[in-house]
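Q: Using only what follows, build the 3D model:
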Amino acid sequence: MAFFSKIFSSVIGGSVGKTSVIGVDVGSSALKIVELREKGGRAVLGTYGALALGPYANVSVGQVTRLPNEKIAEALRDVLREANASSKVCSFAIPLSTSLLSLIEMPVLDQKQLPQMVPIEARKYIPVPMSDVTLDWWVIPKNEREATVNPADPAAKIQKVKLADILLVVIQNAALNNYREIVRLTGLDVSFFEVEAFSTIRAVMNRETAPVMIFDMGAGATKLYIVEIGIVRISHTINRGSQDITMALAQSLDITVAEAEKLKRDKGLIAEGNAGTAETASIILSYIFAEANRVLVGYQRKSGKVVRRVILTGGGSVLKGILPFAKQNLESEVELADPFAKVDAPAFLQGVLKDAGPQFTVALGVALRQLQELG
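A: Below is the predicted model:
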């Protein structure tokens, strides 16, 4: 864990103090930043901003991009300037697509042996050479259970040993190097890099003990996390997202991608006077929610615990009409994330922030951690 601990004024704000920090989320189709400062022990919103990355790749707004570091740095400088951000101190969220979260079970005969045992066991779950990744982990204690000390030996004695869940956190070194280069090109001072799942959890959850599913719908993919007592029990990626709706609309209606993206944002799933668009969007979303239900039900069967709450977040979750659609298609209570509720902001902005909030969950979550560490 040591590695990730070390690297892991606008209409809103007035002057920003020395404790001002910026959380950065480089998504597949947009770049988001949130600047926070501390005042009286509370997190206060300084400014926030988002910028579509499509135009930097000469494609339409909303499309998934794979930009070189120089273009991402250019976009980051642009959004910081447009949002009137003041701080140079930042932290970055690392996409799940370049990282891995895995919960494994191991016998713990001697805590002192774990630093040697965990990397050996982790190799079974990491599909690339260990030299290509940075590994971190921490122990989640469990009750003592009877287990065979050496299952390969028929004569081995069965004794009570402590079993622990080990949460593995793996990041591709190439991704870390890319982010370091982006930081260098923008002249920022990075405090740490953090896998986006942890940023999301921090921004949308409180101190729930019952399992909760987080449904994070981006442009290119939808990430699912089942979280219990703050621990990621399951992470799963569905390789479909809001861009799939745009592309389906463009094809079915024979319109440009830009026109389809605007139609999706303007109409969404609202069927009145919009039956064709709503039906096309519903087909894509039905598949995504069916997959989410499969993961949810599978976890419930395996754990014997009920997931009663699903939180929708990510840019795709601001689609008009998605909340009632989700309630019809998921076997749990469903709500939209409201990450800005965790920070102080002017009352007249509450409605705007509530509507925009799901898009800024990751950026706000990583900024919250940075502010806590400075405090």
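
Q: C-alpha from now on. contacts and neighbour counts both.
A: Fine.

Q: What is the burial count for Leu312?
A: 25 (other Cα atoms under 10 Å).

Q: Pairing partners for whichever strand or helix holds it, with directions?
A: Using DSSP states H and E, Leu312 sits in strand 309-313. Strand pairing for strand 309-313, determined by DSSP bridges: strand 212-217 (parallel), strand 333-336 (parallel).

Q: Deepest-packed of the ones you listed, please.
A: Stretch with highest mean neighbour count among these: strand 212-217 (a mean of 25; mean count of other Cα atoms under 10 Å).

Q: What lies in contact with the strand or helix carrying Ile245?
A: Element membership for Ile245 (DSSP H and E) is helix 242-253. Outside helix 242-253, the residues that touch it by Cα atoms under 8 Å, 6 or more residues apart in numbering are 62-64, 217-221, 255-257, 259-261, 264, 277, 280-281, 284, 316.

Q: can we see that at 7 Å?
A: Helix 242-253 is contacted by residues 62-63, 218-220, 256-257, 260-261, 264, 277, 280-281, 284, 316 when judged by Cα atoms under 7 Å, 6 or more residues apart in numbering.

Q: Work out the gap between stretch 72-90 and the centre of the chain.
A: Taking Cα atoms, centre = their mean, to the nearest Å, the mean C-alpha location of stretch 72-90 is offset from the chain mean by 21 Å.

Q: what does stretch 321-340 give?
A: Offset of stretch 321-340 from its chain centre (Cα atoms, centre = their mean): 17 Å.

Q: Could the C-alpha coordinates of that stretch be exported in CSV?
A: Presented in CSV, the C-alpha positions along stretch 321-340 are these (Å, rounded to 0.1, in the frame of the first residue of the first chain):
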residue,chain,number,x,y,z
GLY,A,321,-35.2,8.9,-18.3
ILE,A,322,-32.5,6.5,-17.2
LEU,A,323,-33.6,6.4,-13.5
PRO,A,324,-37.1,5.0,-14.1
PHE,A,325,-35.7,2.7,-16.8
ALA,A,326,-33.1,1.4,-14.3
LYS,A,327,-35.8,0.9,-11.6
GLN,A,328,-37.8,-1.3,-14.0
ASN,A,329,-34.8,-3.4,-15.0
LEU,A,330,-32.8,-3.9,-11.8
GLU,A,331,-33.8,-6.0,-8.9
SER,A,332,-32.9,-3.4,-6.2
GLU,A,333,-33.7,0.1,-5.2
VAL,A,334,-31.9,2.6,-7.6
GLU,A,335,-30.8,6.1,-7.1
LEU,A,336,-28.6,8.7,-9.0
ALA,A,337,-25.3,9.6,-7.5
ASP,A,338,-25.1,13.1,-5.9
PRO,A,339,-21.3,13.5,-5.2
PHE,A,340,-21.4,17.3,-4.8
